[in-house]
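A.B. asks: Quick one, structure for this:
(2 chains)
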Amino acid sequence: MADEPVYAPPPVIAPGHTFATVTDQIAAIVLTRRHPWSWLFGLSVGFMLTMMLMMAITWLLLKGTGIWGVNIPVGWGFAIINFVWWIGIGHAGTLISAILLLLKQDWRTSINRFAEAMTLFAVACAGIFPLIHTGRPWLAAYWLLPYPNTMGMWPQFRSPLIWDVFAVSTYAMVSLLFWYVGLVPDLATLRDRAKGLRLQRLFGVFSLGWRGSARHWERYESAYLLLAGLATPLVLSVHTVVSFDFAIGIIPGWHATIFPPYFVAGAIYAGFAMVLTLAIPLRVLYGLEDFITMRHLENMGKVTLVTGLIVAYGYVMEAFFGWYSANQYESFMIWNRVTGPYWYMYWALIFCNIITPQWLWFKKVRTTPVYLFLVAMVVNLGMWLERFVIVVTSLHRDFLPSSWGMYSPTRWDLMTFFGTIGLFVTLFFLFVRVLPMISIFEMRTMVPEAKVKGSKAH
Amino acid sequence: MNLAAIRSRLAGVEGRMYWRSLGELADTPEFRRYLHREFPEQASEWTDPKGRREFLKLMSASLALAGVGACTKQPPEDIVPYVRQPEDIVPGRPLFFASAIPFDGYAQAVLVESHMGRPTKIEGNPEHPASLGATDVFTQAAILGLYDPDRAQTITNRGEVRGWGNFLAALQSALSAQKGIQGAGIRFLTGTVTSPSMAELLATILRDYPQAKWHQYDSIGRDAARAAAQQPAGTASAPIYHFDKAEVVVSLDADFLSCGPASVRYQKDFARARRVTDERKEMNRLYAIESTPTLTGAKADHRLVLAAKEIEGFAGQLAAALSAGGAPSPQASPEWAKWASAIAKDLQAHRGRSAVVAGDFQTETVHALAHAMNQALGNIDATVTYGPALGAAVPDRSASLRDLVAAIDAGQVELLVVFDGNPAYTAPADLHFGERLMKIGLTVYHGLYVDETANLCHWNVAATHPLETWGDVRAFDGTVTLMQPIVAPLHEGRSADEVLGAFTVQPDRRNRDIVKDYWTRAFGGGGGWTIRDANGQPYKDAETFWRRSVHDGFIAGTAIADGGPATPFVPAPRPVTPPPAAAGAAAATPGNTLAQRNPPAPPPSATPASPAPRPAAPTAVPMQPSPDPSRASGSSQASSRDGSQGGLEIIFRPDPTVWDGRFANNGWLQELPKPLTKITWDTSAWIGPKLAEARGLQNGDVVVLKYRGNTARFPVFIVPGHPQQSVTVFFGYGRQKSGRVGTATKDAQQFNAFLLRTSDAPWFGDGLEISKTGDRYLLATTQEHHMMEGRAPVRVATLEEYAQEPSIIAEQGEKPPKTLTLYPEHVYDGYKWGMAIDLTSCTGCSACTIACVAENNIPVVGKEQVAIGREMHWIRVDHYFSGNNFDHAVEAYHQPVPCMQCENAPCELVCPVAATTHSSEGLNDMVYNRCVGTRYCSNNCPYKVRRFNFLLYQDWDTQSLYPMRNPDVSVRSRGVMEKCTYCVQRINQARIDAKGEDRSIRDGEIVTACQAACPSEAIVFGDLNDPNSQVSKIKKQERNYGILEDLNTRPRTTYLAALRNPNPELGE
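C.D. replies: Numbering: from 1, shown residues only, chains lettered A, B, ... in the order given. Okay, here's the model as predicted:
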């Protein structure tokens, strides 16, 4: 790494930045800069939606699951769709922080902090659903956990829902730790820069006495690497386990071996789309074009395209197996998806998840934030549709024609869904306001100063 | 507030009564309204638009909850143990009492399960020939009728609460006025009366008031059927069929399997003649010539679709082919000729072993032809028997109501007593009976509900429910069936006998005395009864006879076939005016006694044809001398009037679940999917696919039906196999005044077939016009898809195919090897429960569903919930059409689906909290307390038999429903999954009994609720580990299969394939 490489990718940070400018610019967002009116507006909208979520959940607890549109045969509806959707979105953060860290993809630096935050918030939104979708959440809250009790009653470990409990809670825990550990040096920076004793103390407490000594850095590096190593399998495992909820079932449309990889790919796909959705407005609003550069956007576009193709492969294979299995239930399932009463959902899904991302083959699209944003939004929608198609159209016509039925959401379903979007927005806006949305210290390693020093030191 | 009224109401109360305020005591509408205002939460539910039928929870929340939970304290109640233990009562063990539930005047014999004095479940009486242990849906649902919080509860006079004493006083003053004119102003209106004691009471009253008159009206009358057998009208019973002896049955628009007081026994006999076992590889053959598709037609081997008016022509054609006197019909097509000759040939080959059955709702001609054919075939007294009339009948029953109307118009009626039947709602539209009721000086209504008629009558006497009453009523075959009260009257009801008793010299006789006294005298030789015990031996004394008969639930040897007499109308123990000779003659032809006595005195009563009474009613039909309305309803009259206009034919039918509206307030019956359409909570007008296409109608389109100047609105439902130029409408809906469940919503006010029915064409007629309104109406069905989609949940073969190649059933599906599972086999050391359901026998009557509801405390969820797929029935009856031409006859199959109790149960695997587990006897147990409600088990159930309490469906608020619940079954709350348990409470009861006696459970000792109710004996339950158990033997048959066996779930509820026995001459 001594000299300039023959081929240099575009820099991950705009030219002209120094340690000081990086720190100034990112820390200022939290400490000194006035926040744009749009921040307040966004927060208000998010907050109102969150209140709506609270109301919807309260009514749910008072009246019961029946306020939703679920029925027999469609026992799972919006709640599970939303759960899987949010969990999927939550994948990008860890992927970016952990896997790309291990793969030494330095462009991840500018986006990992808020991608991880997004992960946490998405998992928080997702975590609401498995609990409230049960008939008796006050019991489900702890009966799904293995705790010793006088009756010797344990969860039923053959059920994928139990695996879910472990997978999702582990994932939430590790993501939180990973995110927090990565925050510690920056919290110390904010502590040092904060004016006013209260703020200093607050950041001081959370920075855990970080002084930036070499020993601190040494310990930090190994802890972070270990956590990355821990988080890496989780990226694959969580959505694999979530896919088991379906794959273990015998319902045509669920019972498929392709589900784990296809779900993981879909999750990354959804996650990157959501990172794009957040990054594109953020960089404009907070003037972070220098840090979140076109190279970042383009890379994320490429990842989105690749995972989108994997997902498309999954769809094709599903249809293929429907025919190749020569199983009448499987072939009917595909036929019903394509032409049945929910055909428009299926074709909307194909449009959103297969056709639209093909625009990302064009560099022009990948490097035009507006186009990219549009594609990302369509993919977000498409991934939600995918879960709808899997959950609802598989269940609504299963084996016995006599029990076939239809599903339509109620206003409470919609309120709960948009409520979680509100919760997500609220949490994210608060995050942007109180914590550095880009890792300051890691960005500092990106500026030329760091490189020069680093090479000289060796 | 009327203190006198309150005082009198208190006087009528037996035992201790708790009341909280004078307002409540008076039970005035104002007080009810006040309660409602005070506690409006339930009234203004804001999630769902509140309809009339918001489930039973709301049924009385506003009243019962408000009254209980309001500012008053619960009165202290002491729980006192028995000082002296009553005989036979063991806490926790139910007792069974024989009784009867009258239906259309005929007894449905029952055994009532009583838990600590409260009836909770009704079973058939296995000893009784009309039941043989089975029941129909109405009988099963009677238990909810008993506890219905909307029942009429007190005696009222113009809405004011009164006591029995007030009623008697008012009646006495009216009667004393009548004494002088020999009761010329008194009229009684009843339905069919088969009760000997009630007939005697009526006879006594009519003797004391010779000018009084008794009229009869049945909305679902079977007058045409009685007219056959070439006997004087009204003196013969309807024909009684013996389907167990009939190898070939021809139904001429007869729904004998699911409609009528004999259907339970007929189903049983029919199924027995149809059952195929390994030993007996033959079955009967049924030809159904029918208009409206029925369950009988669905069971038929051949079904010919004709308009109702064409049945007569075909019957003639068939009779001609049998040389039984009919003339070949001029309408006959080559197809008819082909059918007639094939059927005739088949019948000829089975002389004495066949039966031609004419429909209750067909014309007298059809009945006469059927009779002639049976005679020509030598079936009379072999498969068809006739006997004397069971109903104590007035002379011309079918014109009886019209006579009454004419008398009202003539101002001759001063006191009218109406016994049930709700004529203001059910009477033919042209009689305007409701308006006429209001012209009478004094009207008394005795009914179970405050209904349309009660609203118009001065005095309402709440009727006791059959389970609260002593009584005697005859079954279809004549067997005198005794009713005994299982519980003291819940309200201040009085029985019909008691109300009639008020007209006699002993006005305050109690119900039991009246019935027992009658039978004590009958035992002594009165009334033409010869009383012997079941073995033909005389009883020791009257008390022995009475106790025995009450215990058994019926009086042995009173069936027509055993020489039971007609229901005696004039036992005349104390003759007053008529000379003894006349009385004797009267007894010989009981039905005509009234007519004989009346002619000499011609005061204004006997004047249906007199021109005088014409004033107010513009549609006064009495003028038309139509001596035989049922005949008139046939093609001749109707077509001559309207045929040229090319109008459609209208067919009237009783509703399969609410009948003529009398069960409208019964949530169980409302929610029971109606056969063939699976519609709940609503009625519909049935049309064929072609008519639908021609008029551009879809299911749920509201149409206006115009018929003889009357209009009604109906949502249409397209039914394959319906005659193309006919429209069938069903009675029972559009109730203006019923309870909280039965009263019609705003949209459904006119869904009332009685608005269209005229007295001259009670069952069908031409000239219907139908026009689309553009409105849509939501019909909540439990099954939307009636095609099998090549999945063969019902496997079918003809008898011939099966006899030649029994593996034809197994070949219709795949059965993977048992080794295809990772988990070890379950081991069953003790019992291994299993069930088999014979689809050849099942008629789809749905008695199993209602029985299951009653046994397992299954809640009613209401129309809105059914519409979004949340019905709670643990056993449903799936219905599939087969055949590809929807315009013509289609085959229909019914399949009861309870939990399959799979060996490799997909539900057990996925429950995260082990709330559904495999028991050591093979059941998939459901642990309600453990369930958290993820619904994963239901998603993963390929049979979708699991039911989820999405909301709080159980009615915790209506106190009157508390005692109805089966104490052996958990009442499930919100958020819990539930499903069929094979009636595990019955299994456990049998296990306890067996252990107590140190033996193992015997085969047949456990009878599940569905199995017990099934009239076709299609459901068999037992121990699969016992190779000699009935179920094990049945499952050895080669037509035994499991649905979706290819999934390797290994269901232990299996099915015996549906076999058909088509006539090769007619092809498939």
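A.B. asks: Pick out the residue of the stretch 351-500 of chain B closest to chain A.
C.D. replies: Closest approach between the stretch 351-500 of chain B and chain A, counting by CB to the nearest CB: B:G359, at 29.2 Å. C-beta here means a position set from N, CA and C on the backbone, and glycine is covered the same way.
A.B. asks: can you check chain B too?
C.D. replies: Counting by CB to the nearest CB, chain B gets nearest chain A through B:G933, at 1.9 Å.
A.B. asks: mean confidence score for stretch B:962-970?
C.D. replies: Regarding stretch B:962-970, the rounded mean pLDDT is 91.
A.B. asks: swap in stretch A:280-293?
C.D. replies: Stretch A:280-293 comes out at a mean pLDDT of 83.
A.B. asks: what's the burial count for the closest residue to B:R222 other than its chain neighbours?
C.D. replies: Spatially, and ignoring its direct neighbours in sequence, B:R222 is nearest to B:D360 (4.5 Å; CB to CB, 6 or more residues apart in numbering or on different chains). When counting by other CB atoms under 10 Å in any protein chain shown, one arrives at 22 neighbours for B:D360.
A.B. asks: Return the helix or strand in chain A with minimum mean pLDDT.
C.D. replies: Using mean pLDDT, DSSP states H and E, the weakest-scoring helix or strand in chain A turns out to be helix A:448-457, at a mean of 56.
A.B. asks: on that earlier part again, unless I'm mixing things up, the residue nearest to B:R222 is touching B:A254, no?
C.D. replies: Yes: taking CB atoms under 8 Å as the definition, B:D360 is a contact partner of B:A254 at 6.9 Å.
A.B. asks: so who does residue 136 touch?
C.D. replies: All of this is about chain A. A:R136 makes contacts with B:931-933, B:974-976, as judged by CB atoms under 8 Å, 6 or more residues apart in numbering or on different chains.
A.B. asks: my bad, chain B
C.D. replies: Counting by CB under 8 Å, 6+ apart, the residues that B:D136 touches are B:103, B:108, B:258, B:263-264, B:845, B:847, B:1015.
A.B. asks: any weak-confidence spans in chain A?
C.D. replies: A:1-11, A:450-458 (pLDDT under 70).
A.B. asks: what is the mean pLDDT for the host helix or strand of B:S549?
C.D. replies: For B:S549, the host element (DSSP states H and E) is helix B:542-552. Averaging pLDDT along helix B:542-552 yields 88.
A.B. asks: That one: what's the following helix or strand?
C.D. replies: Per DSSP H and E, the helix or strand that comes after helix B:542-552 is strand B:554-555.
A.B. asks: Adjacent strands (with direction) for that next one?
C.D. replies: Sheet pairing for strand B:554-555, assigned by DSSP bridges, gives strand B:480-483 (antiparallel).
A.B. asks: continuing past the strand it pairs with, what's the next helix or strand?
C.D. replies: Counting by DSSP H and E, the element after strand B:480-483 in chain order, helix or strand, is helix B:496-501.
A.B. asks: helices and strands around that following helix, which ones?
C.D. replies: Here helix B:496-501 touches helix B:196-208, strand B:415-419, strand B:442-447, helix B:511-523, going by 3 or more CB pairs under 8 Å, 6 or more residues apart in numbering or on different chains; DSSP states H and E.
A.B. asks: I'd like these as JSON lines, with mean pLDDT and distance to B:A142 appended.
C.D. replies: JSON lines is the format used below for the helices and strands packed on helix B:496-501 (pLDDT from 0 to 100; distance: least, CB to CB, whole Å):
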{"stretch": "helix B:196-208", "mean pLDDT": "87", "distance to B:A142": "19"}
{"stretch": "strand B:415-419", "mean pLDDT": "91", "distance to B:A142": "18"}
{"stretch": "strand B:442-447", "mean pLDDT": "91", "distance to B:A142": "15"}
{"stretch": "helix B:511-523", "mean pLDDT": "87", "distance to B:A142": "18"}
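A.B. asks: Could you dump those into a markdown table and include mean neighbour count?
C.D. replies: Shown next, in a markdown table, are the helices and strands packed on helix B:496-501 (neighbours: other CB atoms under 10 Å in any protein chain shown):
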| stretch | mean neighbour count |
| --- | --- |
| helix B:196-208 | 23 |
| strand B:415-419 | 24 |
| strand B:442-447 | 25 |
| helix B:511-523 | 20 |
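A.B. asks: how about those, which one is nearest B:F950?
C.D. replies: strand B:442-447 (36.1 Å; CB to CB).
A.B. asks: what's in contact with that closest one?
C.D. replies: So strand B:442-447 is contacted by B:152, B:170-171, B:174, B:414-422, B:437, B:453-454, B:456-463, B:494, B:496, B:499 (CB under 8 Å, 6+ apart).
A.B. asks: Residues of the stretch 301-450 of chain A that sit close to chain B?
C.D. replies: Listed as neighbours of chain B in the stretch 301-450 of chain A under the rule CB under 8 Å from any CB of the partner chain: A:328-329, A:332, A:395, A:398-406, A:408.
A.B. asks: again, only this time at 6 Å
C.D. replies: Within the stretch 301-450 of chain A, the residues that sit near chain B (CB under 6 Å from any CB of the partner chain) are A:395, A:399-405.
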